[in-house]
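[1] quick one, fold the following:
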Amino acid sequence: MEENESIESVAATNEEIFNDSFAEVGSKQNLVLGIVCSLLTAIVCALIWAAITVATGYQIGYMAIGLGFLVGKVNHFTGRGNTVVFGVVGAVMALLGCVLGNYMTIIGFTASELNMGYLEAFNSFSFSTVFEAMKENFSVIDILFYGIAGYEGFKFSLMH
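    Take a look at the predicted model:
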């Protein structure tokens, strides 16, 4: 009888330690900060993506991979998340960054071709016109790189 009480006592102590540790990790999570910082990272990466693509004339798919990695890492570092929600946020922000990178690239090419300033081109075209151009330039390989970016945004957002 004494041995069973000892095992139950150890089990109860271990459960209490686990619950305290889990509560401590959970209290350090900050979903809002993770969302804001990963969104800002996605926007900055998208702008860099567009600038490089317009400057070189080539769209380099690896930029999507780098974007997903950075968005995920920033989300992980600032949000301190260890739940699937943080992974989903990372994936969504990475995909948003990819779309925004392509969107800004179309605006950049348009500004360059029409000898306009970037903001002038941005203000001159409707979203639907730019998205139509994006659809025309979209290829199967884009799906691959977007998928990898989303996966990395998810994976690197979670605490390990």
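[2] A133 touches G108, doesn't it?
    No - using Cβ atoms under 8 Å, A133 makes no contact with G108, being 11.7 Å away. C-beta here means a position set from N, CA and C on the backbone, and glycine is covered the same way.
[3] please identify which of these two sits among more neighbours.
    G108 (21 against 18; other Cβ atoms under 10 Å).
[4] for that one, what are phi and psi?
    Torsion angles at G108 (phi, psi; degrees, to the nearest 10) stand at phi -60, psi -40.
[5] what score does the residue nearest the centre of the chain have for pLDDT?
    In the chain, the centroid-proximal residue (Cα atoms, centre = their mean) is A94; its distance is 3.0 Å. Reported pLDDT at A94 in the predicted model: 98.
[6] what about the nearest residue to it once chain neighbours are set aside, how many residues nearby?
    Of all residues not flanking A94 in the chain, G153 sits nearest, at 2.9 Å (Cβ to Cβ, 6 or more residues apart in numbering). When neighbours are counted by other Cβ under 10 Å, G153 registers 33.
[7] where along the chain do the helices fall?
    2-28, 31-56, 62-79, 84-113, 118-124, 127-137, 140-155 (DSSP state H).
[8] for those, which one ends up most surrounded?
    Mean neighbour count, computed with mean count of other Cβ atoms under 10 Å, is highest for helix 62-79 among the helices of the chain, reaching a mean of 23.
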